[in-house]
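Chemist: give me the fold of what follows.
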Amino acid sequence: MSDGGRARIRTPDQRLRVFVSSTLRELEAERRAVRGAIERLRLAPVMFELGARPHPPRDLYRAYLEQSDVFVGIYAERYGWVAPGEDVSGLEDEYRLVRPSMPRLIYLREGATREPRLDELIERIQADDTASYKTYRSPDDLAELVEADLATLLAERFDAAVARPVPTPDASVPAALDLLAARIPSPYTRLIGREREVRDTLALLADPGTRLVTLLGPGGIGKSRLAIAVAEAAAQDGDRFPDGAAFVPLENVLEPALLLPAIGAAIGVRDTGELPLEERLAIALRGRRMLFVLDNFEQLVTAAPIVVRLFTIAPDASFLVTSRAVLRVRGERVVEVPPLATHDPASPDSIARARSSPAVELLVERAHAVKPDFEVTAANVEAIVGICRVLEGIPLAIELAAARMRVLTPAGILQRLDHQLPLLVDASRDLPPRQRTLRSTIEWSTGLLTEPERRVLRDLSVFSPGFTLESIEALGEARGWDADVMVVLETLVDSSLLRQEDMGGEPVFSMLATVREHGVERLREAGDEQAARDAHAAVYLELARREGRGLGFSQQVGAVARLNLERGNLRTAVRHLTSGGDVETAADMAWRLFLYWWVGEFLIEVAMWMDEVVASPPGAVSPRATAIATFYVSWRDMWLAPSHEIPTALLGAAQAFADSGDELGATMAVATAGLAEINTADPDIPQASAWLQDGARRFRELGAGWGESLALVALGRISVLTGDLEAATADFRRAVEAAVGSGDRFTASVATHHLGRALLLTGARDDAEPLFLDAVATSVGLRHEEGIAYGLEGLAAVAAARDDVDRAGVLAGAAAAIRARTAVFDAPAFVFHTRYLDELAERGHAERLRAAEQRGRDYGAFEAAEYALTGGAAAGS
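Modeler: Residues are numbered from 1 along each chain as shown. Okay, here's the model as predicted:
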């Protein structure tokens, strides 16, 4: 067994690898015995169960065999399972794949009744003069045979090594690296939207103190394509990397021990046995200033210490790693690869600006590739932008969607993206299987987790984007997770399956929609989705109860900020409770958050949920839950379809609140009846005033200054309707005082902009302007877009009165865009700013004004607020 003259003596950290082939369950005792024999000789057993990974078994054992040194075959009765599409079992395939130069030690159990196909295999082995075979009686007997045969094999190799002269280092290393094998792959498409990431990565690599940079991101985010671009640029940097760049693909390298051989093979340094591989690499790379790209490292994260050893082996080289998980080694610098931008952050709702975003550019370019006549038009641009937003800017997802343009329109694709994973299939056939569909990339990533980690990830999939550590821990307690939450979260973030960002000093988590959809599928398959969603709703019911108490008082800003972190989950919880039939709990949760829904512009959405409660059969829902639902539905309808029936419904709700002991609810319903009445086309002013005055008094007695403020604002609106601006101004001032006295900044902003409009109508525009500015600033702090729109309208009126055409038009256009997007409009009788714009147009500025309004419509709410508050151009203008 000379192995072609190869004389290999391993150092302790470069041990001989012994591949063990047999059926698994049938020969479990024998496999344990052989493993012990191999380890007693300080050799490395290579066994399927020791390195099991979430990879196809055939790929796994082929990779093991390729990097093993000795083959040990153990056979008894079974031939083994033949996989679908294969003609031989894994047992026979393993023997066939042994390279001719590898020593083969074969052991047959005595007295075994072998299956016919195993008999045929044994006959071929016995005819093979390169294999040694023996029989054994028991596992202990087998262990002795294997230990003795391996010891003899080692002795033979030692003798061969002594007999042959050891070549000098220069003779054992190729004169030049075989960089053809490690050349940078030629990209098939141009890189889009990654200029900053390329620049930042090159800047890190340009620092001599940086040896390792990791490009981190989830599957399909474009790490490999980015690495190719960085490697191409680095190879052109003759000062930093005069010896160029080498690209080492690792997607089929599944074991840490195979990392160095894979790197060596990629650059032409073969493990010939004359010297340990580390020494050969050190000699080959001595003095070479080059960049190594180690692509697809995530399944080898346990090999991260080997990368650190490479710092010594190749002291002048630098390393760029692409991975879905951080390596967590000293000296690592991480560049997170983000999704492609889908919009202009300054104006996230602008379709015009989103049209030139990198995500849209990628979609259009890939669509052209499959459908040459594809064009962006006014008719399809909104759907194209919508596709990119739904897909969250993930390049692989966008490319998969673009491939569908051959058979679907953009609108058709967007419509089907409610369930993304079934649609996004069939990518280019030259991609690795794990990248041909989004499901494959996700399953590859989740397969690298432990089962407790996978369980936590599945449960987290019931969250909507934006959830805090506190809520995660609460869900974990409810679900009985048997895991250290902090450790699991760190793993999921490091594995790019969970995203974490800092929002106001609070860590907030989210996951890509595709990962979330995959997790929900797994919950559903396990019959566990309902239980997980019930636990999720319970978490947010408790949050609503706790934070809802501070919404109308001095704790409001903190409460709104806390709720804003998880607004999507609050909505998800109420929807789940409503759709699941627990309308009592849903109504109670919705009621506790009334002011928050108003601040967040969710009142119309809440009313849609409450429609189901109102439609419940008589007696199916408690009077209080019905009253809550009636209130929300009436609030919506009094703005969208005002009528005299709405105050009547609200008074009925007030009685139901009172009967259930909810005096605050009864007061809110009475006061709102007055507001609903004045919104009608022919309001009963005395009756509306009476309800509002009664409401203001009762709110004051309850210590609810926020409610008193809202009632006084409505009374001031009545005074505006009747032309009594002096009374209106007095009511609005009292409303501001009541809100400020209770610590409620939201109702204070509502009262403030009403006071500003009253002053403006009296001609005191210089007094009105700072009030509008204050209302805008407060609304920005509360993230209240409707309040921003009101303030912008007031400021537009002031600018128009001063003949400041551009400012008036931009502010008016931005306010109109906010209202169109949020579908929140003031009653026509109270729209006041348009008269000032009309007068400005009549003074000969119509064309310029319309152009400025058009520019303003492209502003985002907070961009427009910045424009208003700074008195100049906004950042994105």
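
Chemist: what stretches of the protein score poorly on pLDDT?
Modeler: Where the chain drops to pLDDT under 70, the residues are 1-15, 48-61, 129, 156-182, 188, 270-275, 418-438, 552-554, 872-877.

Chemist: can I see the domain layout of it?
Modeler: 3-164, 195-336, 351-432, 449-527, 785-870 (automatic domain parsing).

Chemist: I'd like to know which of those is closest to residue 608.
Modeler: domain 785-870 (11.9 Å; C-beta to C-beta). In short, each C-beta sits where N, CA and C put it, glycine included.

Chemist: first vs last residue of stretch 347-365, how far apart are they?
Modeler: Start-to-end span of stretch 347-365 (C-alpha to C-alpha, to the nearest Å) is 24 Å.

Chemist: how about it: buried residues?
Modeler: Residues 347, 349-351, 353-355, 357-365 are the ones in stretch 347-365 that count as buried (16 or more other C-beta atoms under 10 Å).

Chemist: equivalent analysis for stretch 548-559, please.
Modeler: In stretch 548-559, counting by 16+ other C-beta under 10 Å, buried: 548, 550-552, 556-557, 559.

Chemist: could you dump the residues you listed to JSON lines with secondary structure and distance to residue 443?
Modeler: Shown next, in JSON lines, are those (DSSP: H, G, I helix; E, B strand; the rest coil; distance: C-beta to C-beta, whole Å):
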{"residue": "548", "secondary structure": "helix", "distance to residue 443": "41"}
{"residue": "550", "secondary structure": "coil", "distance to residue 443": "44"}
{"residue": "551", "secondary structure": "coil", "distance to residue 443": "43"}
{"residue": "552", "secondary structure": "coil", "distance to residue 443": "48"}
{"residue": "556", "secondary structure": "helix", "distance to residue 443": "45"}
{"residue": "557", "secondary structure": "helix", "distance to residue 443": "44"}
{"residue": "559", "secondary structure": "helix", "distance to residue 443": "41"}
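
Chemist: pick the one among those closest to residue 696.
Modeler: residue 552 (14.6 Å).

Chemist: TSV for the buried residues of stretch 548-559, including distance to residue 142?
Modeler: TSV is the format used below for the buried residues of stretch 548-559 (distance: C-beta to C-beta, whole Å):
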residue	distance to residue 142
548	71
550	73
551	74
552	79
556	76
557	74
559	71
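
Chemist: SS state for residue 213?
Modeler: The assignment at residue 213 comes out as strand when based on DSSP: H, G, I helix; E, B strand; the rest coil.

Chemist: wait, it sits on residue 203?
Modeler: No - under the criterion of C-beta atoms under 8 Å, residue 213 is not in contact with residue 203, lying 10.0 Å apart.

Chemist: between those two, which has more neighbouring residues?
Modeler: residue 213 (27 against 12; other C-beta atoms under 10 Å).

Chemist: just grab the bridge partners of the more buried one for me.
Modeler: Residue 213 forms beta bridges with residue 320, residue 333, as assigned by DSSP bridges.

Chemist: please report how far it lies from residue 199.
Modeler: Using C-beta to C-beta, to the nearest Å, one gets 13 Å for the distance from residue 213 to residue 199.

Chemist: do residue 763 as well
Modeler: Residue 763 is 55 Å from residue 199, where distance means C-beta to C-beta.

Chemist: likewise for residue 448?
Modeler: Relative to residue 199, residue 448 is positioned 31 Å away (criterion: C-beta to C-beta).

Chemist: between the two, which is the more surrounded one?
Modeler: Each of residue 448 and residue 199 has its neighbours counted (other C-beta under 10 Å); residue 448 has more, 19 against 11.

Chemist: you'd agree that one is up against residue 496?
Modeler: No - under the contact definition of C-beta under 8 Å, residue 448 does not touch residue 496, with a separation of 10.9 Å.

Chemist: where do the contact lists of those two overlap?
Modeler: Residues touching both residue 448 and residue 496 (C-beta atoms under 8 Å, 6 or more residues apart in numbering) are 324-325.

Chemist: what's the burial count for residue 682?
Modeler: When neighbours are counted by other C-beta under 10 Å, residue 682 comes out with 7.

Chemist: for it, what are its contacts?
Modeler: Here residue 682 is in contact with no residue (C-beta under 8 Å, 6+ apart).

Chemist: doesn't it belong to a helix?
Modeler: No - according to three-state DSSP, residue 682 belongs to no helix; its state is coil.

Chemist: how close does it get to residue 649?
Modeler: 18 Å.

Chemist: do the same with residue 532
Modeler: Taking C-beta to C-beta, one finds residue 532 at 37 Å from residue 649.

Chemist: ditto for residue 311
Modeler: Residue 311 is 74 Å from residue 649, by C-beta to C-beta.

Chemist: looking at these two, which is more packed in?
Modeler: Per other C-beta under 10 Å, whichever of residue 311 and residue 649 has more neighbours is residue 649, with 21 against 16.

Chemist: name the SS class of the more buried one, please.
Modeler: helix.

Chemist: residues in contact with it?
Modeler: Residue 649 sits next to 630, 633-634 when contact means C-beta under 8 Å, 6+ apart.

Chemist: closest one of these to residue 501?
Modeler: Each of the contacts of residue 649 was checked against residue 501 using C-beta to C-beta; the closest is residue 633, at 36.5 Å.

Chemist: for that closest one, phi and psi?
Modeler: When quoted as degrees, to the nearest 10, the phi and psi of residue 633 stand at phi -60, psi -40.
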